[in-house]
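Novice: Whatever this is, show me its structure:
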Amino acid sequence: MALDGVLTRDFDVESPVDKFFKAFLEISNLPVEDNATAVVTMDDGDLEKRKVKIKISSVDISKCYKKLEGIITVTPMNKGGSHVIWSVEYEKTRPEIEDPHSIIDTSIKYFQGIDAILVKERDEKIVKEMSEELFKFIRRSIIKSNKVLG
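Specialist: Below is the predicted model:
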């Protein structure tokens with residue numbers, strides 16, 4: 001069983017490409033706190049192509065994954081809205097660690113939540129709360145996986 005891999009999903013959102021990408025960058029770039037359970041860093045990416053890499057790290061994550069990075073690319077669609085490609089690159093610490101399918105699926109729900117809020121023009125505070133919940137979920141998933149494999 002391979003220790004490293006890439007999982008990719010693509011989907012469409014209703015939000016205009018620039019509006020969605022800007023909201024994603026602003027909301028996902030959480031400040032690092034002293035007691036943070038996960039640190040999320042973004043590279044400068046290619047803002048013109050609306051592509052950015054996100055690195056997720058924490059003590060718990062490092063027990064299961066040597067590398068856990070997401071790459072998001074957002075492109076306009078002819079009929080309006082945006083096409084999103086979300087890839088998660090990973091390297092597991094041990095073969096028995098599961099591939100991060102739940103992380104990619106939960107991330108997509110988060111992105112769809114951003115879209116729903118933008119389309120309905122709701123308060124971004126809701127999306128920030130979703131962002132915090134997403135990273136808590138990722139941490140819990142990894143801790144659970146690590147305890148099972150113990």
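
Novice: can we go C-alpha only for contacts and neighbour counts from here?
Specialist: Will do.

Novice: any idea how far residue 92 is from residue 62?
Specialist: 9 Å (Cα to Cα, to the nearest Å).

Novice: Repeat that for residue 71.
Specialist: 19 Å.

Novice: Now do the buried residues in stretch 5-24.
Specialist: Neighbour counts over stretch 5-24 (16 or more other Cα atoms under 10 Å) mark 12, 13, 14, 15, 16, 17, 18, 20, 21, 23, 24 as buried.

Novice: Give me the contacts around it.
Specialist: 50, 74-76, 80-91, 100-101, 104, 111-112, 114-115, 118-119 (Cα atoms under 8 Å, 6 or more residues apart in numbering).

Novice: From the residues you listed, list the buried ones, please.
Specialist: Using 16+ other Cα under 10 Å, the buried ones in these are 50, 74-76, 81-91, 100, 104, 111-112, 114-115, 118.

Novice: Sitting in strands, which of these do you find?
Specialist: 74-76, 82-91 (DSSP state E).

Novice: Nearest to residue 66, out of these: which one, please.
Specialist: Among those, residue 91 lies closest to residue 66 (Cα to Cα), at 5.3 Å.

Novice: ok, the closest one touching residue 63?
Specialist: No. Applying Cα atoms under 8 Å, one finds residue 91 not in contact with residue 63, separated by 11.2 Å.

Novice: No further questions, thank you.
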